[in-house]
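In: Got a sequence here, can you build the structure:
(one chain, ligands or ions: 2)
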Amino acid sequence: MAEQQTNVAVLGGGSFGTALASIAADNGARVRQWMRDETLVKQINQEHRNGRYLPNYAMNPAVEASADIQTVLADAELVLIAIPSKAFRSVVQAAKAWLRPEQILVSTTKGIEQEGFLLMSQVLEQETGFSHIGVIAGPNLASEIADKQLTATVIASADSLTRTRVQQVLGCRYFRVYASDDRHGVELGGALKNIYAIAAGMAAALGMGENTRSMLMTRALAEMSRFAVAQGANPMTFLGLAGVGDLIVTCSSNLSRNYRVGYAMGEGRTLEEAVDALGQVAEGVNTVKLVCAKASEMDVYMPLAEGLNHVLFDGVPAQEMARTLMMGEQSSDVEFILPREAVQQAHRDQAPHNQTSKNQVSKDQVSKNNGGGNA
Ligand SMILES: NC(=O)c1ccc[n+]([C@@H]2O[C@H](COP(=O)([O-])OP(=O)(O)OC[C@H]3O[C@@H](n4cnc5c(N)ncnc54)[C@H](O)[C@@H]3O)[C@@H](O)[C@H]2O)c1
Ligand SMILES: O=P(O)(O)OC[C@H](O)CO
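Out: Ligands and ions are numbered 1, 2, ... in the order given. Now for the predicted structure:
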């Protein structure tokens, strides 16, 4: 007996929504994609191409685009939401009247909501109260997926039906879907890596080398997992695709919008110029502010994120910040093996006179250290 075709709804007409819609259609699902822009709807239905966000890639012709959210959600078993975090809640609210508890709702958005520091799956939970909720995250540059480059992602959910159905619906010859039940860790991995992608782009534009990039990525991973553990996530998640996997791709590729924002700033553009030139979402710009505020509230040491925050919003030159960071506390490599506090204690015990601990990267410290570093 032939298996029944799965109905999939994709909310979002940007690059990731478009890439995901094509995967599901390539895999035999009936896919409807919702977007606001009627011109884009017409173009996708007639030319099978998203000329605004992925102009150089053919979409599966079976994807039906529509600006009517009710039509798109009707009969959908799986709903994939690819809307930037700033608009995520409003779109879920607009969709709510046509969502049903038996549907599987999956956020693909890598951002944080300012009010309450909520991740998008938490917004979904708040708005719907449903139980089949998950997130997708991993090293997933939309244009490479649209080009059918071999790619893997993670579906994370406490609900096994959500994990299994997403693996069945999206897993195909060019897209592998791994499962996790650490939804919070996977979602945080996706959101946090954007911060360090901006820093990596900046470092590349400033001519910093591969040792620097490697140090930045590895210390970023330490910082991300430290923050995530304080938020209740499993540190082991950061060894997976949604942790180190996504960090590698976004810190190395100029296909990453966050990396491109950093690169443009490293070339001398202002943040506003860099974001305007992009014309697409770079979630890391907003995330760094929210994460620094939360880290300070929870007393989590995040010198790279704090440093980037000062560069983006306080006008501190990136070179100067790099010098300051190089003069910061020399700490433990892997804190889950040798705790940072043990290294600090050893420094205190062996210091001829007491040193003050350098827990925060402040603007004052930047000016004090200016010129004195060895980055
Ligand atoms: N592009 C990627 O490679 C990629 C990969 C993985 C995850 N993501 C994540 O997916 C999310 C979406 O990213 P994207 O790349 O598709 O963004 P994008 O900038 O390419 O497109 C965003 C889409 O959202 C729509 N949108 C914005 N505000 C809206 C609103 N109020 N109502 C309805 N639609 C609205 C835009 O019109 C556009 O169609 C982001 O959080 C991003 O981090 C992106
Ligand atoms: O283009 P970015 O920087 O939003 O990154 C896209 C994806 O998150 C990469 O996995």
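In: quick one: stretch 262-282 near ligand 1?
Out: Yes - applying C-beta under 6 Å from any ligand atom, one finds stretch 262-282 in contact with ligand 1 at Gln280, Val281. C-beta here means a position set from N, CA and C on the backbone, and glycine is covered the same way.
In: Which positions in the stretch 101-250 of the chain make contact with ligand 2?
Out: So far as C-beta under 6 Å from any ligand atom goes, the stretch 101-250 of the chain lies against ligand 2 at Lys110, Pro139, Asn140, Leu141, Asn194, Ala197, Asp246, Val249, Thr250.
In: So which of those residues would count as near ligand 1 as well?
Out: Lys110, Asn140, Leu141.
In: Highest neighbour count among these?
Out: Lys110 (30 neighbours; other C-beta atoms under 10 Å).
In: Correct me if wrong, but that one is in a helix.
Out: No - according to DSSP: H, G, I helix; E, B strand; the rest coil, Lys110 belongs to no helix; its state is coil.
In: Ramachandran angles for it?
Out: Taking degrees, to the nearest 10, you get phi -110, psi 70 for the backbone angles of Lys110.
In: how deep is the nearest residue to it once chain neighbours are set aside tucked in, by neighbour count?
Out: Closest residue in space to Lys110, ignoring its immediate chain neighbours: Gly190 at 3.7 Å, by C-beta to C-beta, 6 or more residues apart in numbering. Neighbourhood size, Gly190 [other C-beta under 10 Å]: 30.
In: OK, contacts around Gly190?
Out: Lys110, Val135, Ala137, Gly138, Ala242, Asp246 (C-beta atoms under 8 Å, 6 or more residues apart in numbering).
In: how far does whichever helix or strand it is part of sit from the chain's center?
Out: In this assignment (DSSP states H and E), Gly190 forms part of helix 183-205. Relative to the chain's own centre, helix 183-205 is displaced by 6 Å; criterion: C-alpha atoms, centre = their mean, to the nearest Å.
In: just checking, next helix/strand downstream of that helix?
Out: helix 210-230.
In: Can I get that following helix as CSV, trimmed to CA atoms?
Out: In CSV, the C-alpha atoms belonging to helix 210-230 read as follows (Å, rounded to 0.1, in the frame of the first residue of the first chain):
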residue,chain,number,x,y,z
GLU,A,210,44.2,30.8,11.2
ASN,A,211,45.6,30.5,14.7
THR,A,212,43.5,33.4,15.7
ARG,A,213,40.4,32.0,14.1
SER,A,214,41.0,28.6,15.8
MET,A,215,41.5,30.2,19.2
LEU,A,216,38.4,32.3,18.7
MET,A,217,36.2,29.4,17.8
THR,A,218,37.5,27.1,20.6
ARG,A,219,37.1,29.8,23.2
ALA,A,220,33.7,30.6,21.8
LEU,A,221,32.7,27.0,22.3
ALA,A,222,33.9,27.2,26.0
GLU,A,223,31.9,30.4,26.5
MET,A,224,28.8,29.1,24.7
SER,A,225,28.7,25.8,26.7
ARG,A,226,29.4,27.7,30.0
PHE,A,227,26.4,29.9,29.3
ALA,A,228,24.2,27.1,28.2
VAL,A,229,25.0,25.0,31.3
ALA,A,230,24.1,27.9,33.5
